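structure here, sequence nowhere to be found:
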């Protein structure tokens, strides 16, 4: 995008925000120009909770993927939540429809169901409690059960099992994030040879092989915090490359090396400045979660907040 056009769009967006009492939330994986125009940048839950704190806001433009905008709508029933692109859908969330959750509940009665927030509202409505990649260990550890149904990410389920010692039954059996499967252990080992003093930080949606190479495993918000606090001057980052913009902005004196430059979530990148402008101008693509689904899903989220 030409700089003059970008600046004009940004100005129009800023004017519409004031006119319509709107805020823009952008996930850490969004395009750099989208992160720059956002009021807040972060992970899905911290953004939804930030929206709850913005009592004067009438409209929330959530620049991310579908389940994140749904969560914001569930937690902010009195605000209009807009998603800039209807095509911004999370493949992992699609892997665990509500009917699949019900099937596993019938197969394992009386077993607590913990669902990653990376699920659609209908699935959240069927679980006992939600978790994030940042608090999954705390949530699972808090439950008075030795066996847990956990979905939809198989790699996060593996990580939780290793850290808690509990038996984790992954639902579905092999749910995954396509972007985080792009990372290879061998690539990280080569980078560690090239950058001998670098620290490796990866997301728990990466495979166990990749996790085994890491000095730090955490969510996007935890990786951002770790990067600030770490004495390391060079960090090798194993998650979607959109996070590098925030990392470099917040830590200009440090070097961040992506494990793989092609680790791009095409669904996250569907949101653009043009689409954010149109969402605000036309108030298009509002998120509507049926009340009966929203109420049950909200209970699962509220339980998570009570523990964390």
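Great, that's in hand. Being a predicted model, the structure only gives us computed values, none of them experimental.

which residues touch the least confident helix or strand in the chain by mean pLDDT?
Counting by mean pLDDT, DSSP states H and E, the weakest-scoring helix or strand in the chain turns out to be helix 44-53, with a mean of 82. Residues from elsewhere that reach helix 44-53 (CB atoms under 8 Å, 6 or more residues apart in numbering): 23, 25-27, 40, 42, 57, 60, 62, 64, 67-68, 71-72, 75-76, 79, 81, 117-118, 132, 134, 221, 305. C-betas here are computed from N, CA, C, even on glycine.

buried subset of those?
Burial by neighbour count, 16 or more other CB atoms under 10 Å: within these this picks out 23, 25-27, 42, 57, 60, 62, 64, 67-68, 71-72, 75-76, 79, 81, 117-118, 132, 134, 221.

please enumerate the strands of the stretch 101-250 of the chain.
Assigned by DSSP state E, counting those that start in this stretch, the strands in the stretch 101-250 of the chain fall at 113-116, 129-131, 147-151, 167-170, 199-202, 216-217, 234-238.

returning to what we had before: among the contacts of helix 44-53, name the ones in helices.
Of the contacts of helix 44-53, the ones assigned to helices by DSSP state H are 67, 68, 71, 72, 75, 221, 305.

list the contacts of residue 225.
Each residue near residue 225 by CB under 8 Å, 6+ apart is listed here: residue 218.

do you know how far it is from residue 170?
Computed as CB to CB, to the nearest Å, the residue 225 to residue 170 distance reads 27 Å.

if we can go back for a sec, now, which of the ones in helices among the contacts of helix 44-53 sits nearest residue 279?
residue 72 (13.4 Å; CB to CB).

quick one, domains of the protein?
For the chain, the structural domains run 3-89+268-290, 92-177, 180-258, going by automatic domain parsing.

among those domains, which is nearest residue 296?
Distance to residue 296, taken as CB to CB, is lowest for domain 92-177 among the domains of the chain, at 3.8 Å.

end to end on that closest one, go ahead and measure it.
5 Å (CA to CA, to the nearest Å).

over to stretch 267-281?
In stretch 267-281, first residue to last residue: 22 Å (CA to CA).

contact partners of that stretch?
1, 6, 9-10, 12-13, 16-17, 20, 22, 24, 26-27, 29-31, 33-34, 37, 59, 61, 63-65, 82-85, 87-91, 240, 242, 284-285.

give me the subset of these lying in strands.
Counting by DSSP state E, those place 22, 24, 26, 27, 59, 61, 63, 82 in strands.

tell me the one of the residues you listed nearest residue 203?
residue 27 (13.1 Å).

distance check, the closest one against residue 242.
From residue 27 across to residue 242, the span is 8 Å (CB to CB).

and for residue 80?
26 Å.

and the least confident helix or strand of the chain, what's buried?
Using 16+ other CB under 10 Å as the test for burial, helix 44-53 gives 44, 45, 46, 47, 48, 49, 50, 51.

again, but for stretch 201-212
By 16+ other CB under 10 Å, the buried positions in stretch 201-212 come out as 201, 202, 203, 204, 205, 206, 207, 210, 211.

same question for stretch 130-141.
Neighbour-count burial for stretch 130-141 flags 130, 131, 132, 133, 134, 135, 136, 137, 139, 140 (criterion: 16+ other CB under 10 Å).

show residues contacting it.
With contact meaning CB under 8 Å, 6+ apart, stretch 130-141 is reached by 43-45, 114-117, 119, 124, 129, 148, 150, 156, 159-160, 163-164, 166, 168, 203-205, 218-222, 300-301, 303-304, 307-308.

ok, back up a step: dump the domains of the chain into TSV; add distance to residue 296 as well.
Shown next, in TSV, are the domains of the chain (distance: least, CB to CB, whole Å):
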stretch	distance to residue 296
domain 3-89+268-290	10
domain 92-177	4
domain 180-258	25
